[in-house]
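Colleague: Show me how the following folds:
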Amino acid sequence: MRLETYLLKNLRVRAAGVEVFPPGATFGPCPVKQYEFVWVIEGGGTVAYDERPHRTGPGTILLWRPGMSDRYDFGTERQSVLAFAVFDLELPARGWPSPAQWPFAQQMPPDDILRPLFRYVLAAAALPAEVRSELMWYSVGLMLRAFVLKKLSVSAEPHGELPVAVETTLRTICDLISREPAPPVTLPELARAAHVSPGHLCRLFRESLDLTPLECVTLTRLERASTLLARSNVPIQKVAELTGFSSAYYFSKAFRRVFGMSPRDFRKAPHRREIPTLNPTMRFIQNEKLLKIT
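Modeller: Predicted structure coming up:
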C-alpha cells in the first residue's frame, strides 16, 4: 500500500490529553463522531467496536473512526491510563485507502515511532495556540500515515538493509542537490550511477522506501529549501533557483504539498526549525554520519 500524499492538509486536532479510569470502570457504547487515537499506557481490558471485542494492554494503540460504536470494559485489578488525540480529517480524493480498511488496534513494538509522536502531541497541547495547532497537525498526520501503513518500527540503523543501488542513489541525490545551483536530475542519470536499469531502480525504491527516485529528489530539494528559508534571508525566488526548481510557482506548489504551507508562511512560522524531516535521503545521510561518529 502506498499513500500518495505526504501530509494531510485538512487535518485538525481538536483535543489531546490523558485520562485515568479506576479498576472495573466501563464506558459506552457510544457512537464515534470524530477520528481518535487512543494509547493504552497502563492497564487496559476489553475494547469493543461495533460489538467486536479486542483485548488491550499497555502499548496498544487504537484508531477510532466516525461511524463506529465504542465500548470500554477496563480490567478489575488495576487502574487504566489512556492518552487520546481527537481530530477531524478530510481525506484527499485519491491516494489513501478507505477508512473502513484501516487497522483498528495495533500493539506497538519496542522501537515504535507512534508513542514518541504521541508524547510530542501531548506536550504540544500546552503550547500557545498558533504553535500548538501546527505541531499537533504535523505529528498526528505522521502518526496516521505510520499506523495505516503498519510501518511502526524505527530501526537503529534504518539504512542497514537498503539495497546497494538504493544507498548509492541516495548518496548521488544528496551530492547533486547540495551543489549551487542544484542541477536537473533525471532517472536515467541516477540509474547509471547505481549501475542498474531505470525500471529496476524504481522497483527497488518502491520496495525499500515507498517512493520513486525522483520523488526523493524533490524531497531533497525541498529539504534544502526549508533550511534556506528557516536560516537565511535569501529571497524565495532565489531559494527556488538554488535548489533546482524550474520556477518559483512550481517550487511554491511542491513546497505547499509537502509542508502544508507556502514558503512565505513557512519562513514566518515560529516553529519552522523544529519540523522533523520526512525525507529518506536526508535521514539516510544523517544516520550514516551518526554511525561514523559512534
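Colleague: Confirm for me that Arg65 is in contact with Val32.
Modeller: Yes: between Arg65 and Val32 there is a contact under C-beta atoms under 8 Å: 6.6 Å. To be clear about C-beta, it is placed using only N, CA and C from the backbone, and glycine gets the same treatment.
Colleague: The two: which has the busier surroundings?
Modeller: Taking other C-beta atoms under 10 Å, Arg65 and Val32 do not tie; Val32 has more neighbours (18 against 15).
Colleague: which stretches of this protein form helices?
Modeller: For the chain, helices defined by DSSP state H occupy the ranges 114-124, 129-149, 164-177, 187-194, 198-209, 213-231, 236-242, 248-259, 263-268, 280-293.
Colleague: Run the chain-centre distance for the shortest one.
Modeller: The reference is to helix 263-268. 21 Å (C-alpha atoms, centre = their mean, to the nearest Å).
Colleague: List the buried residues for that helix?
Modeller: Within helix 263-268, the residues that count as buried by 16 or more other C-beta atoms under 10 Å are Pro263, Phe266, Arg267.
Colleague: who does it touch, helix- and strand-wise?
Modeller: Applying 3 or more C-beta pairs under 8 Å, 6 or more residues apart in numbering; DSSP states H and E, one finds that helix 263-268 contacts helix 213-231, helix 236-242, helix 248-259.
Colleague: How is this protein divided into domains?
Modeller: Per the record, the chain has its domains at 11-149, 164-293, by automatic domain parsing.
Colleague: hey, least reliable of those domains by pLDDT?
Modeller: Looking at those, the lowest mean pLDDT belongs to domain 164-293 (a mean of 81).
Colleague: roughly how far out does that one sit from the chain middle?
Modeller: 16 Å.
Colleague: which residues sit in contact with Asp50?
Modeller: Taking C-beta atoms under 8 Å, 6 or more residues apart in numbering, we find Asp50 in contact with Met68, Ser69.
Colleague: Wait, Ile177 touches Leu242, no?
Modeller: No: judged on C-beta under 8 Å, Ile177 makes no contact with Leu242 at a distance of 9.9 Å.
Colleague: Give me the more crowded residue out of the two.
Modeller: Ile177 (27 against 19).
Colleague: so who does that one touch?
Modeller: Val185, Val217, Thr220, Arg221, Arg224, Thr243, Gly244.
Colleague: separation between it and Leu122?
Modeller: Noted for Ile177: a distance of 35 Å to Leu122, by C-beta to C-beta, to the nearest Å.
Colleague: cool, and Lys150?
Modeller: For Lys150, the distance to Leu122 equals 23 Å [C-beta to C-beta].
Colleague: Give me the more crowded residue out of the two.
Modeller: Leu122 (18 against 11).
Colleague: how near is the more buried one to Val148?
Modeller: For Leu122 relative to Val148 (C-beta to C-beta), the value is 21 Å.
Colleague: So of the contacts of Ile177, which two are at opposite extremes in space?
Modeller: Val185 and Arg224 (12.9 Å; C-beta to C-beta).
Colleague: Specify the beta-bridge partners of Phe87.
Modeller: Note on Phe87: beta-bridge partners by DSSP bridges are Val13, Tyr35.
Colleague: Is it in contact with Val140, as I believe?
Modeller: Yes: between Phe87 and Val140 there is a contact under C-beta under 8 Å: 5.5 Å.
Colleague: what's around the nearest residue to Pro109 once chain neighbours are set aside, how many residues?
Modeller: Leaving out its chain neighbours, the residue that sits closest to Pro109 by C-beta to C-beta, 6 or more residues apart in numbering is Ser153, at 5.2 Å. By the criterion of other C-beta under 10 Å, Ser153 has 15 neighbours.
Colleague: got the contact list for Ser153?
Modeller: By C-beta under 8 Å, 6+ apart, Ser153 lies in contact with Pro109, Asp111, Asp112, Ile113.
Colleague: can you put the residues you listed in JSON lines and add distance to Phe259 and neighbour count?
Modeller: Formatted as JSON lines, the contacts of Ser153 follow (distance: C-beta to C-beta, whole Å; neighbours: other C-beta atoms under 10 Å):
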{"residue": "Pro109", "distance to Phe259": "29", "neighbour count": "12"}
{"residue": "Asp111", "distance to Phe259": "27", "neighbour count": "12"}
{"residue": "Asp112", "distance to Phe259": "25", "neighbour count": "20"}
{"residue": "Ile113", "distance to Phe259": "19", "neighbour count": "17"}
